[in-house]
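Engineer: Build me a model from this:
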Amino acid sequence: MTCFKLAVAASVLAATALTATVSAPTAQADTGADVFLTMLGDSGLGGIDPATAVRVGEAVCPMLVEPGQNMANVASDVADALGRPLGPATVFTGLAIQIFCPRAVTALTDGRPFSFLG
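Structural biologist: The predicted structure follows:
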């Protein structure tokens, strides 16, 4: 299980690195949903209905703050919701965290529980 947690943390960090490679924003500001959908496509996770992708992506942050939840549990729930294998669902989850709840990236890498309150 420890190896799996390390793999999940590595996926989150890889998703963070992917953000750094995304091109500069255009003159018109993108919404978080637009950025998320672009990042999904750029990471090879196309073929997901955009409305479903945004709905599931936005649900990741609230799932993370539920008692007893962790990144692995949330990725598993995402895999079920999307009907995708755990590997791609883990990348999806990392991207969703990065876009919809970026404070969670710091909390996860520091080994602290994530909270919307601080």
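Engineer: Tell me which helix or strand in this protein has the weakest average pLDDT.
Structural biologist: Of all helical and strand segments in the chain, the minimum by mean pLDDT, DSSP states H and E falls on helix 2-21, at a mean of 45.
Engineer: Give me the buried positions along the helix or strand following that helix.
Structural biologist: Sequence-wise, the next helix or strand downstream of helix 2-21 (DSSP states H and E) is helix 32-42. By neighbour count on 16 or more other Cβ atoms under 10 Å, the buried set for helix 32-42 is 33, 35-37, 39-40. Heads up, the C-betas are built off the backbone N, CA and C, glycines and all.
Engineer: One more: stretch 44-54?
Structural biologist: 45, 48, 53-54.
Engineer: next one: stretch 92-111
Structural biologist: So stretch 92-111, judged by 16+ other Cβ under 10 Å, has buried residues 92-101, 104-105, 108.
Engineer: Just the closest of those to residue 76, please.
Structural biologist: Relative to residue 76, the closest of those is residue 93; by Cβ to Cβ it sits at 9.3 Å.
Engineer: by contact count, what packs against the helix or strand hosting the closest one?
Structural biologist: Per DSSP H and E, residue 93 falls inside helix 86-100. For helix 86-100, the elements it packs on are helix 2-21, helix 32-42, helix 50-64, helix 71-82, helix 103-110, judged by 3 or more Cβ pairs under 8 Å, 6 or more residues apart in numbering; DSSP states H and E.
Engineer: Would you mark the buried spots in the fourth one?
Structural biologist: In this case it means helix 71-82. For helix 71-82, burial by neighbour count (16+ other Cβ under 10 Å) applies to 71-72, 74-75, 77-79, 81-82.
Engineer: Could you provide the buried residues of helix 32-42 in TSV, with additional columns for distance to residue 66 and pLDDT?
Structural biologist: Below are the buried residues of helix 32-42 laid out as TSV (distance: Cβ to Cβ, whole Å; pLDDT from 0 to 100):
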residue	distance to residue 66	pLDDT
33	23	94
35	25	95
36	21	96
37	25	96
39	24	95
40	24	96
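Engineer: Alright, that wraps it up for me.
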